[in-house]
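Asks: here is the input, now give the coordinates:
(chains A, B, C and D, ligands or ions: 4)
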Amino acid sequence: MSSPLLTMRGIRKSYAGVHALVDGNLDLERGQIHALCGGNGAGKSTILGILMGFTRPDCGEIRIEGKPVSFANPTQALQAGIAIVQQELSGVPHLTVAENIYLGAEPRRRGFVDFPQLNRQAEELLASLGFDIDPRVPLASLSIASQQLIEIAKALSRRDADILIFDEPTSAIGEKDTLRLFEVLRDLAAAGKGIIYVTHRLAEVFTIADSYTVFKDGARIETGRVADITREKLIESMIGGAIEGEYVKENVPSDRPLLDVRGLSRAPWFDRVSFTLHAGEILGIYGLVGSGRSQLLDTIYGLYPADAGTVWVEGREIRPGRVRAALGAGISYVTEDRKHSGLVLCASVGDNLSLSQLPHIQRFGFIRTALERAGIDDSIAKMRIKTPGPEQIVRNLSGGNQQKVVFGRCTSIGPKVLLLDEPTRGVDVGAKKEIYRFVSDFTKAGGAVLMVSSELDEITGMSDRIIVIKKGAHVAEFPREETTQKALMMAAV
Amino acid sequence: MHITQPAAKAPISLRKYGIVFAFLGLCVLVSALCQLKVVQGAWPENTFLTVNNLMLILHQISVNGVLAVGMTFVVISAGIDLSVGSVLAFSGMMAASMATRSVGVTPWSDTYPVIFPIIAALGVGALCGGLSGWIIARFRIQAFIATLGMLLAARGFTMSVTGGNPISGLSPDFRWFGTGKLFEVIPVPVVILALVFLLAWVILNKTVFGRYVYAVGGNEKSARTSGINTGAILIWVYVVAGFLAGVAGVILTAKTGSAQTSAGSSYELDAIAAVVIGGASLAGGVGRLTGTFFGALIIGVMNNGLDILGVQSFYQLIIKGGLIVVAVILDPSRKQAG
Amino acid sequence: MHITQPAAKAPISLRKYGIVFAFLGLCVLVSALCQLKVVQGAWPENTFLTVNNLMLILHQISVNGVLAVGMTFVVISAGIDLSVGSVLAFSGMMAASMATRSVGVTPWSDTYPVIFPIIAALGVGALCGGLSGWIIARFRIQAFIATLGMLLAARGFTMSVTGGNPISGLSPDFRWFGTGKLFEVIPVPVVILALVFLLAWVILNKTVFGRYVYAVGGNEKSARTSGINTGAILIWVYVVAGFLAGVAGVILTAKTGSAQTSAGSSYELDAIAAVVIGGASLAGGVGRLTGTFFGALIIGVMNNGLDILGVQSFYQLIIKGGLIVVAVILDPSRKQAG
Amino acid sequence: ADAPKARIAVLMYGNKAEFVQLMERYGKEHPAVKAGIAEVTFYDGRYDAAVQNDQAQMAINTKQDAIVVNPMDYEANIDIATNAKMAGIPVVVTNARLNTDEMTAEVVSDDVLGGYLEAKDVLTKLGCKGNVVIIEGPKGGSGEIQRGQGNEKALAECPAGAVKVLERKTANWSRAEALDLMQNWLSKHPGKINGVIGQNDEMALGAIEAIKAADLNVKDFAIAGIDGVTDALHAVKAGEMTSILQDARGQIQGSIDVALRAVKGPDYKPMSPIWEQYKADLAWADGQSKRYDIPWTVVTTANVDELLKDRN
Ligand SMILES: Nc1ncnc2c1ncn2[C@@H]1O[C@H](COP(=O)(O)OP(=O)(O)OP(=O)(O)O)[C@@H](O)[C@H]1O
Ligand SMILES: Nc1ncnc2c1ncn2[C@@H]1O[C@H](COP(=O)(O)OP(=O)(O)OP(=O)(O)O)[C@@H](O)[C@H]1O
Ligand SMILES: [Mg+2]
Ligand SMILES: [Mg+2]
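Replies: Ligands and ions are numbered 1, 2, ... in the order given. Sure, this is the predicted structure:
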């Protein structure tokens, strides 16, 4: 009887006052795709980080094929046959795609990097994965989605790895690439590798995984075969309660226009996009990854000046290319990449939450602390942010809670129009529901929402109307009643 | 998530005040070494731990302390200001050119009222800082390069004021800012230092501007998305640094009684060292003025203590180099700052 | 993903070679000003654009160029090395102490073979660099602080070698490295500079180590995840910088014929300036040796040109400060480097 | 004045000290320059011997007629003299010395003597009794070494053990550094320091400021410095110190005369008034001497007013 590929027992890890892991247990067999589930902050990334040698556990035991191991750094883990796609980790921006994929495992000839071989290998790998990316361009020139694909390709390039770990690999990539990834994963499992897969998209769990483990509050509370569990049961064990009706859109838009975008263009991203957003409405923007949706939102918000076109809020044109003009007109923007443009990671939760609000709670330039504190407490409560207190540094929050902080900041100024770009990226089902409820309440109170999302469920579930963007041009529009996921896909490709 | 509050408190306070312990440790060390000499009979008394000497240390750090306050703003904003030493010299020279004893401008006095040279110095300082800041914000070039340019240019301007000659013979009113004493004990530069720290602390911790400085330094893109005019904040940060270089210029010139073209050379290193020893990260977004204060104090005690112990100058350099590194290594807030 | 290859190519090549145009522009400017003097009859001939003078410029930048090569590695790795000037002085002093004319070590010669002082200098340099690197990698403290400590300590060590005295009377063999000429035209330091650039270029662009330097500087976490021993890479990067400071120490000492305790003071600024003008970002991950080379050349032409034009020293400072900033602003690769 | 102007490159070690400024000023006031016979260009060596060597090479390349050099270092700048000689360009060393005899001539003041004179003055005031401190120039520089030798020579002339050197450390020629240093010493040795030997005036002035800041009476100390910068002259006038005047005009104008003699040949007659002023101690010798020693002047209350008149 051979030992299981991987067992982790009684792993414990705490940071100054925060117990990230209390009793982490995990089992993995060869040939298995194992889903690791749990709410934001359940400790999933932490236990994987420990396995990979990023962090030292306070105590606990790890065995690979029955032999106890302990990795002081990722090099040792890699040598032991473990490879990882880390959550929200990008590669080295100014190295080329090929260099990134084979970083640490370059083909060499007499101590020199064999660049022709390197590029050939990368080209073959990318082609075999069906990722349409030139291996010779610098990583920084790719979109986030493509960068994420490169991270995946990198893990898959480790042919000697027995254990492959994917920590939310699909949070930034499109449907097509996701399906392609799944095929590859199945092949790998069939070849006898063990795969750990973390995702907040429960549909994926049921599509790809054979078995699952649920973490909650830093401990394993359940493990079993996917075939033996339903979606509802999984959610229940993850968040300790049932969720009925995930999407909570229940409002009807008025016909009072709030945001008017007329012929907005910015080469080469998008061209002459026009639409009107009404009070109480959620307007979805769908498109393939890289179709220019984020650029459109950036431009509406004034982060970049448009080449042509105008943006109107409540019948008044706002000065283009000025964030503060947009903010002043009541537009608020939850960006796609919270780490790069949403949060000040090294600052506290409180400082982040009040950042946009400061001009409204000051006197002669001095912050009115009581008002600020009240606003922060309000946001924490309203968004149900799990944090030891407003002093906690945002970097130390789990991904989902970080996203809630962005929401909290963006809504603290009482906006009329919310621009949302992939608003539930990396957010657990519970928090997702809270975000949807919040968005729904926001529109009910007369606000309007412009939402970019690559998740078909989400966009069809929430939007009153959906615009499809293709290569930067507005190609189709669907009212709620006529929307089907298939029609959307068809319009987008 | 289980949050155990009491456990959380202790390390945080140690983190916050680690620098204080580093400072006290250094004082105890120097004091012990002095005491040893006394016990050995080499010295009649321990002259390190006297009120006089402690006042002296504060007096000596006043220039670096004022510069370090400005540098704290800059470093928190993820910048660096290499030009503070030159700007100090330039504003000192400007002040001196208006504070000489015999201009004969008004019927009742042969000097300009002392407020004129002061305003000139602070104005010139703020202007130089503003120029650096504008270049950084407008052209998005690295602060290192913009302020390196200013380091050279301001030194050139300093020399151009008098063609390279020093200016001496400053009015007693002006010299009071360097040599005067309040209540016959507290040197005026120390009072200025205290005021600067206090004011800066309030600005950095209590005002919207202060908060924006942290935000811009922590993540400029997020700050922009949050509606902050990051360019304006950057400019003001360098204006503050330049203004305080002007203040330091007044103090140094008034203290030595002469404005020299070579004044303040490489003072930027000491100022940055104070800020970084105080726990700030050059990556931006992190830093505290109390940390900077103790950082400046540690450097001051080191200079004073090594002189008092009579350590040879080359050992002094080696020890100083080592101590700076050790102080930062031992600082428990360091990991935070990363 | 729409990657439009042809459109992408053009700006990249402009980006890559923008610095070359900046350099040529500067040359044309200086040359034109010289020509003007000739036309006005003030000068007999245009002495700027002569082989002699261009060789002189290369000769002049040899020390800074070699330092800047090491600094390029450091800056790409997201670090900074303030200690290169002091380490230069220390290794120069060590070399000189073994290269004096009359040690009388062997029966057939009164000096050590010239290889000994060379090895001593390079070894001492690499050791100092290694120590800085080890501190940075082991204790994860900011490179600024670790190398500031080394800046002070190495200067102290330099003084301790002879108690502060300079060393002169170096053997002709040793002096050849600073004053010799190959084929009677090319100064040996220029040859060394060329070799250093060539070798470093190969290491940085063709070897695994070079790739890892970019990786560590561009994204340390990603590098670590890829199984790179980032600590070791960092240590080696500082070893390279220290080693090259040793090379520069040999050149400078051999050039002036005397090892001074004050040698190399604030050379780090020029080295960093060359690297940053060359397009590297102090945030790490970006930088090219060809850029650094032209960065060093720009500084060299500036110094030489302004002296040839006989510009007064305070205008020189102002112009230099301005030109450094302008060179970086005009560099089209700058936006990329961010 | 049909002959082309003689172009003289003057290489200064730096440009940030008052003494250098005085040299520049007197250099430009040289009668030959004013008369349009010669043109002098001053170069700033940025306190770096290597830079000065490069500037000398540039001066040779640009075919200047003569070089006057105020070297940063005794050894490191020797090549200036050697290379200029090889190129057939006369080179005059001024202010500080070079350890070679390849130069056309030296026009200097003897630093050992200067150091001796200042220390002697302090020790005489103290009656060879008490404690002194020495504030030194940058370690290893020729100024520090030679003035230090002079200091020692004077100290050795006192009975053994009569004068104790309590402390000695460098303040890098800087007033601000000397101020801090002296403050620390006063704090360490309350009431014990009787005399201060500053190896230049700036540092002596820094010590004076430190004494004042400690609320002590400057007149209780015997203090001396070297150079005769304007502030020091004022301090001498106030009875606070003694300064040993190094004659900037003598050095630079003497150098220019010697250089012009080498360029123009035996017909050239020295134009600077200094030869008249020092005629007792300094012979022109047709500009052919290897070394011209510009005398030091001990500045006391007696002669200070005369010297001050020349400033501003
Ligand atoms: N460096 C740290 N300092 C303090 N707390 C931390 C740190 N890193 C993680 N934590 C905390 O540990 C807990 C577990 O985090 P972890 O990242 O493992 O969650 P997760 O299950 O991966 O969540 P998500 O699904 O949002 O990614 C969280 O409460 C987080 O705030
Ligand atoms: N920094 C960059 N440099 C070059 N191209 C970029 C950069 N950022 C994005 N792009 C490209 O711009 C195009 C539009 O990107 P955008 O992010 O707006 O698309 P999107 O529809 O929002 O996709 P996603 O779902 O990935 O956010 C894509 O082709 C992308 O590859
Ligand atoms: Mg996670
Ligand atoms: Mg997008």
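Asks: what about the helices in chain D?
Replies: Along chain D, the stretches classed as helices by DSSP state H are D:18-28, D:31-34, D:49-61, D:78-86, D:111-126, D:142-156, D:175-188, D:201-213, D:230-237, D:248-264, D:274-277, D:304-309.
Asks: Serialize the ones you listed to a markdown table and add fields for mean pLDDT and distance to ligand 1.
Replies: Using the backbone N, CA and C atoms, a C-beta is placed for each residue, glycine as well. Formatted as a markdown table, those follow (pLDDT from 0 to 100; distance: least, CB to the nearest ligand atom, whole Å):
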| stretch | mean pLDDT | distance to ligand 1 |
| --- | --- | --- |
| helix D:18-28 | 89 | 57 |
| helix D:31-34 | 92 | 71 |
| helix D:49-61 | 90 | 49 |
| helix D:78-86 | 92 | 59 |
| helix D:111-126 | 94 | 62 |
| helix D:142-156 | 91 | 53 |
| helix D:175-188 | 92 | 43 |
| helix D:201-213 | 94 | 49 |
| helix D:230-237 | 91 | 58 |
| helix D:248-264 | 93 | 64 |
| helix D:274-277 | 88 | 75 |
| helix D:304-309 | 87 | 69 |
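Asks: out of those, which gets nearest to ligand 4?
Replies: helix D:49-61 (54.3 Å; CB to the ion).
Asks: does any part of the closest one sit near chain C?
Replies: Yes - Helix D:49-61 lies within reach of chain C by CB under 8 Å from any CB of the partner chain, at D:49-51, D:53-55, D:57-58, D:61.
Asks: how about stretch D:12-25?
Replies: Yes - legend: contact between stretch D:12-25 and chain C by CB under 8 Å from any CB is shown at residue D:15.
Asks: what does that stretch rub up against?
Replies: B:159, B:163-166, B:260-262, C:313-314, D:10, D:42-47, D:49, D:52, D:70-72, D:94-96, D:173, D:202, D:227, D:229-230, D:246, D:248-249, D:251-252 (CB atoms under 8 Å, 6 or more residues apart in numbering or on different chains).
Asks: ok, 7 Å please
Replies: B:164-166, B:261-262, C:313, D:42-47, D:52, D:70-72, D:227, D:229-230, D:248, D:251-252 (CB atoms under 7 Å, 6 or more residues apart in numbering or on different chains).
Asks: likewise for stretch A:50-69?
Replies: By CB under 7 Å, 6+ apart, stretch A:50-69 touches A:3, A:5-14, A:24, A:46, A:49, A:70-74, A:76-77, A:80, A:82, A:84.
Asks: now stretch B:257-268
Replies: B:64, B:67, B:81-82, B:84-86, B:88-89, B:92-93, B:96, B:158-159, B:164, B:166-168, B:170, B:175, B:252-253, C:266, D:16, D:175-176, D:209, D:231.
Asks: could you check the angle the helix or strand harbouring residue B:324 makes with helix D:175-188?
Replies: When elements are defined using DSSP states H and E, residue B:324 is found to belong to helix B:313-330. With axes from the mean of the first three to the mean of the last three CA atoms, to 10 degrees as the basis, helix B:313-330 and helix D:175-188 are set at 90 degrees to each other.
Asks: returning to what we had before: can I get the helices of chain D in TSV with distance to ligand 4 and mean neighbour count?
Replies: TSV is the format used below for the helices of chain D (distance: least, CB to the ion, whole Å; neighbours: other CB atoms under 10 Å in any protein chain shown):
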stretch	distance to ligand 4	mean neighbour count
helix D:18-28	63	21
helix D:31-34	72	17
helix D:49-61	54	25
helix D:78-86	64	21
helix D:111-126	73	22
helix D:142-156	66	20
helix D:175-188	57	25
helix D:201-213	63	27
helix D:230-237	67	23
helix D:248-264	71	26
helix D:274-277	80	16
helix D:304-309	76	14
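Asks: out of those helices, nearest to residue C:207?
Replies: helix D:49-61 (32.4 Å; CB to CB).
Asks: show me the contact partners of the closest one.
Replies: Residues contacting helix D:49-61 (CB under 7 Å, 6+ apart): C:47, C:52-53, C:56, C:60, C:63, C:252, C:255-256, C:260, C:304, C:307-308, D:9, D:11, D:13, D:43, D:45, D:67, D:69, D:71-73, D:76-77, D:79-80, D:83-84, D:87, D:89.
Asks: could you look up the SS state of the nearest residue to residue A:47 once chain neighbours are set aside?
Replies: Counting by CB to CB, 6 or more residues apart in numbering or on different chains, residue A:47 lies nearest to residue A:24, which is 4.4 Å off, once chain neighbours are set aside. Classification of residue A:24 using DSSP: H, G, I helix; E, B strand; the rest coil returns strand.
Asks: cheers, nothing more for now.
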